[in-house]
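Asks: Got a predicted structure here, sequence first:
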Amino acid sequence: MKSHLASLINAIVLILLGSWAYLASDDPSVTALIPVFAGIILLLLYKGVKAGNKVAGHIAVVITLLILAGLVKPLMGALERTDDMAISRVGIMMLSSLYSLIIFIKEFINLRRSK
């Protein structure tokens, strides 16, 4: 899979599941929308990543890494509450971000080797 497709899928997952988490919360916090905003930024970077723009690609990687790290705390909270739906949502967002990050890194390595 190409990095732009992995990033697009990750953006959609972040937007959909992040929105669901916000709307499903009894007392929603604006911080619950952070994955949604990250997904929107990734969507905005999609054309640049697809075109092979290095700056867009690197920004997308950094955002993906930050969102992956930032989802650890919500996962811990969901585990403490034993909220199966929250665990599933956060886990899927983390797996999607991790997969996207791995694809980006593989593509960067392949580009470096081809030069």
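Replies: Happy to help now that I have it.

Asks: Now find how far off-centre the helix or strand containing Gly91 is within its chain.
Replies: Element membership for Gly91 (DSSP states H and E) is helix 84-114. Taking C-alpha atoms, centre = their mean, to the nearest Å, one finds the center of helix 84-114 at 8 Å from the center of the full chain.

Asks: nearest residue to Ser25 other than its sequence neighbours?
Replies: Ala32 (6.1 Å; C-beta to C-beta, 6 or more residues apart in numbering). Bear in mind the C-beta positions are built from the backbone N, C-alpha and C, glycine included.

Asks: What about the one you found, how many residues nearby?
Replies: Applying other C-beta atoms under 10 Å, we find 18 residues neighbouring Ala32.

Asks: Could I get the pLDDT score of it?
Replies: With respect to pLDDT, Ala32 scores 88.

Asks: give me every residue that touches it.
Replies: By C-beta atoms under 8 Å, 6 or more residues apart in numbering, the contact list for Ala32 reads 18, 21-22, 25, 74.

Asks: Now for the residues you listed, which sits with the most neighbours around it?
Replies: Gly18 (25 neighbours).

Asks: Please tell me the pLDDT value assigned to that residue.
Replies: 94.
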